[in-house]
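Enquirer: here's my sequence, what's the structure:
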Amino acid sequence: MTTSTEALEAHRPSAVLNTLRRLGFGTVVSVPDSWLGEILIRIDQEPGMTLVRATHEEEALAIACGSRLGGVRTALLVQNAGVLSMGAGMVSLAQRYQFPLLMLVSYRGTPDDPVFYHVPKGRATEPVFRGIGLAHACTDRYRPIGPQIEHAATYAEEASCPFALLMGREDIQW
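Expert: Below you'll find the predicted structure:
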């Protein structure tokens, strides 16, 4: 017999949203990606959350840092290619001034997402993250997503730094 908690966890995007709500995230800043479409609609409908849609990833990072500076627990929801394009802002703003940002990142270009134009981005993602010193982890599809998000958020808070949780399609595509 499946409990209601297990059923929600089975639908990982619902668990992502429930975890953000439970952890008190008041703002989510995003640049849309095809995998993120429906979860962004759901976040926008959440009474306790504000969705801010940015036009570019470095703009999204600046908005997220400003929101956090204003005292709001903030998550950044973008594609891995977007994090690659925000390199200067990441090192000179978010990391330099130790913003504890949870970054939920759609991990495009992995073997599970063999769309040809995403593959180079997928290959570069983790080496670039290591190169700029961006703390990160990949979700484990065989473990519940909620605790993984909670651990990433806790790391960001306790280490006073951005933390990127790289997520597969099953984690965020409604």
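Enquirer: distance-wise, check R169 relative to A156.
Expert: The gap separating R169 from A156 is 23 Å, by CB to CB, to the nearest Å. Where C-beta positions appear, they are placed from N, C-alpha and C, glycine not excepted.
Enquirer: neighbour count winner among these two?
Expert: A156 (23 against 17; other CB atoms under 10 Å).
Enquirer: in the protein, which segments are predicted with low confidence?
Expert: Residues of the chain that meet the criterion pLDDT under 70 lie in 1-9.
Enquirer: quick check, central residue of it?
Expert: By CA atoms, centre = their mean, the chain has its centre lying nearest to L104, at 0.8 Å.
Enquirer: tell me how far the strand or helix carrying it lies from the chain's centre.
Expert: Following DSSP states H and E, one finds L104 within strand 102-106. Chain-centre distance of strand 102-106: 1 Å, with CA atoms, centre = their mean, to the nearest Å.
Enquirer: so what touches that strand?
Expert: Contact partners of strand 102-106, identified using CB atoms under 8 Å, 6 or more residues apart in numbering, comprise 16, 25, 33, 35-36, 74-80, 82-83, 136, 149, 152-153, 156, 162-167, 169, 172.
Enquirer: then stretch 77-90?
Expert: 28-31, 33, 35-36, 39-40, 43, 56-58, 60-62, 103-109, 118, 121-122, 124-125, 128-129, 132, 134, 162, 164, 166, 172.
Enquirer: cutoff 7 Å now
Expert: Here stretch 77-90 makes contact (CB atoms under 7 Å, 6 or more residues apart in numbering) with 28, 30-31, 33, 36, 57-58, 60-62, 103-108, 121, 124-125, 128, 132, 134, 162, 164, 166.
Enquirer: then stretch 145-159?
Expert: With CB under 7 Å, 6+ apart as the test, stretch 145-159 has contacts from 9, 12, 15-16, 18-19, 23, 100-102, 135, 137, 139-140, 162-163, 165, 171.
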